[in-house]
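# here's a sequence, model it:
(one chain, ligands or ions: 1)
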Amino acid sequence: MDKTGNCFAANYAEARAGFLAAAKGLGLDVETALNPLKGAQGEELATDAVLLGEAEAASLLIVTSGTHGVEGFCGSGCQRALLDDEDMHRRIEAAGVAVLLVHAVNPYGFSHLRRVNEDNVDMNRNFRDFADAKELNLAYAQVHDLLLPAEWPPTEANRAAIVECIKQMGMAAFQAAVSAGQRSHKDGLFYCGNAPTWSNRTIRALLSKHGAARKRIGWIDIHTGLGPYGHGEKIFAGANDAAELARSRAWWGADIMSYYEGKSASIEVQGSMVMSIYAECPQAEATGMGLEFGTIPFDAVLAALRGDHWLAIHPDADAAKRGAIKRAILDAFFIDADDWKGMVAGQARVSVLQAVVALAEK
Ligand SMILES: [Zn+2]
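Numbers count the residues shown, from 1 in each chain. This is a model prediction of the structure:
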């Protein structure tokens, strides 16, 4: 296998060990936030961060992986490739910027092959104002039982009922009901949680430590599971602000999609992680995007997610069923093929370089 392929790990423990070894090789200090739980193999779970470039720079670029747990196989590989990339290190030094790599925002989901965290929470729905008592996405209640039927795999009757539901609601409304984020069903899909999670608090602590004195902060949050195979859709991440969107297009290109404009593969979401920047670093000019790499078709991704949530509420499922469900969710969010790994590492590299150049102080 080629050099880039070696950056992608087979499990969380291997990904973390590789990240730590690469950081050590570069003589970088690692900041570790230990999660109180254990991983799927009994290993320690943590979010690890390293700072490259000029530590006190006025400009900071943040690159995060594993916000959605199992999607971390991709983001971790891209971060490893950056750590091994001497040419990129020279460019970062020359630009006079700091780059913060945050490995495994949601280490529990990464290790246990879940998109959600230890509280069944979707991290990109959790960064919201919990004091706001307004109930959100009431339509989720209409689809919950259909998404998580008594039997798995779903019966023909369940499939037919979902087809009928989509016909009645319309596809766009169905997708929004499923994935906009909900807090009525703790065991459901795209659950927001009731309070800031461990990962939320960990990210905010890193932001306030590393971001509070910066003038400008860029943020690339790496995801998988939406869009064409190997294609990195650039999804604007930030407030609904025309100047911020224009700046993000100036950095990363005209193909930045904004769900505020209805142009993204993603529906509009509230409570995404990047929004924490306004509270933690109010002095900084923020420019963020989610880099979303396509894997397999959306209906197969949704089926894999449903299976994983079904398993979480049926922990007594037999080993064969458990194995098939975990295989399906890994295959939905990571492609173990050299062409895909090359595509994602290459596109992530370009996006990082574009941000570094845009943030350059020299
Ligand atoms: Zn994601």
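# report the closest residue of the stretch 201-350 of the chain relative to the ion.
Proximity of the stretch 201-350 of the chain to the ion (CB to the ion) peaks at His223, 3.3 Å away. C-beta coordinates here come from the backbone N, C-alpha and C atoms, glycine included.
# tell me the SS of that residue?
Recorded secondary structure, His223: strand (DSSP: H, G, I helix; E, B strand; the rest coil).
# contact partners for the nearest residue to it once chain neighbours are set aside?
Closest residue to His223 apart from its sequence neighbours, by CB to CB, 6 or more residues apart in numbering: Glu292 at 4.5 Å. Taking CB atoms under 8 Å, 6 or more residues apart in numbering as the contact definition, Glu292 lies against 223-227, 232-235, 265-266.
# identify the bridge partners of Glu292.
Beta-bridge partners recorded for Glu292 (DSSP bridges): His223, Glu233.
# A helix includes Leu226, no?
No: assigned with three-state DSSP, Leu226 falls outside any helix and is strand.
# and it, how many neighbours?
18 (other CB atoms under 10 Å).
# tell me if I'm right that it and Pro297 touch.
No: the pair Leu226 / Pro297 is not scored as a contact, 10.3 Å apart, by CB atoms under 8 Å.
# hang on, the earlier thing: number of nearby residues for the residue of the stretch 201-350 of the chain closest to the ion?
When neighbours are counted by other CB under 10 Å, His223 registers 26.
# tell me which two of the contacts of Glu292 sit farthest apart.
For the contacts of Glu292, the maximum inter-member distance is 15.3 Å, found between Gly225 and Lys234 (CB to CB).
# quick one: contacts for the residue of the stretch 51-200 of the chain at minimum distance from the ion?
Per CB to the ion, His68 is where the stretch 51-200 of the chain lies closest to the ion, at 3.5 Å. Neighbouring residues of His68 by CB under 8 Å, 6+ apart: 106, 109, 115-116, 122-124, 223-225, 333.
# and the helices in the stretch 251-362 of the chain, which stretches?
For the stretch 251-362 of the chain, the helices defined by DSSP state H, counting those that start in this stretch occupy 276-280, 298-313, 319-333, 338-359.
# in which helix or strand would I find Thr218?
No Thr there; residue 218 is Gly. Per DSSP states H and E: Gly218 is located in strand 216-229.
# mean confidence (pLDDT) on that strand, please.
For strand 216-229, mean pLDDT is 97.
# and that strand, what's buried?
Using 16 or more other CB atoms under 10 Å as the burial criterion, the residues of strand 216-229 that qualify are 216-227.
# hmm, who's touching stretch 80-99?
3-4, 7-9, 15, 18-19, 22-23, 26, 50-57, 59-63, 101, 210, 214, 345, 348-349, 352-353, 356-357, 359-362.
# one more: stretch 332-343?
Against stretch 332-343 from outside (CB under 8 Å, 6+ apart): 1-2, 4-5, 7-8, 68, 70-71, 73-74, 77, 115, 224-225, 229-232, 293, 295-296, 300-301, 304-305.
# what's the burial count for the nearest residue to Phe236 once chain neighbours are set aside?
Of all residues not flanking Phe236 in the chain, Ser258 sits nearest, at 4.1 Å (CB to CB, 6+ apart). Using other CB under 10 Å, Ser258 is surrounded by 22 other residues.
# doesn't Phe172 belong to a strand?
In this structure residue 172 is Ala, not Phe. No: the assignment for Ala172, made by three-state DSSP, is helix rather than a strand.
# ok, now which ones touch it?
Listed by CB under 8 Å, 6+ apart, the contact partners of Ala172 are Ile267.
# okay, it: pLDDT?
The confidence metric pLDDT takes the value 90 at Ala172.
# excluding its backbone neighbours, what's nearest the residue nearest the centre of the chain?
For the chain, Thr67 is the residue whose C-alpha lies nearest the centre (CA atoms, centre = their mean; 3.6 Å). In space, and not counting its chain neighbours, Thr67 is closest to Val105: 4.5 Å by CB to CB, 6+ apart.
# repeat that for Ala15.
Leaving out its chain neighbours, the residue that sits closest to Ala15 by CB to CB, 6+ apart is Ala9, at 3.7 Å.
# again with Gln142
Closest to Gln142 by CB to CB, 6+ apart is Ala177, at 6.3 Å.
# tell me if that neighbour really is in a strand.
No: counting by three-state DSSP, Ala177 falls outside a strand, being helix.
# do you know how far it is from His144?
9 Å (CB to CB, to the nearest Å).
# ok, those two, which is more surrounded?
Ala177 (22 against 17).
# separation between that one and Leu147?
The gap separating Ala177 from Leu147 is 10 Å, by CB to CB.
# next one: Gly96
According to CB to CB, Gly96 and Leu147 sit 49 Å apart.
# same question for Phe73.
With CB to CB as the criterion, Phe73 and Leu147 are 24 Å apart.
# am I right that Leu28 is in contact with Gly53?
No: with contact defined as CB under 8 Å, Leu28 does not reach Gly53; the gap is 10.6 Å.
# hang on, the earlier thing: check the buried residues of strand 216-229 and tell me the two furthest apart.
Arg216 and Gly225 (29.8 Å).
# quick one: pLDDT of the spatially most distant residue from the centre of the chain?
The outermost residue of the chain relative to its centre, with distances by CA atoms, centre = their mean, is Ala157 at 33.4 Å. Per-residue pLDDT puts Ala157 at 97.
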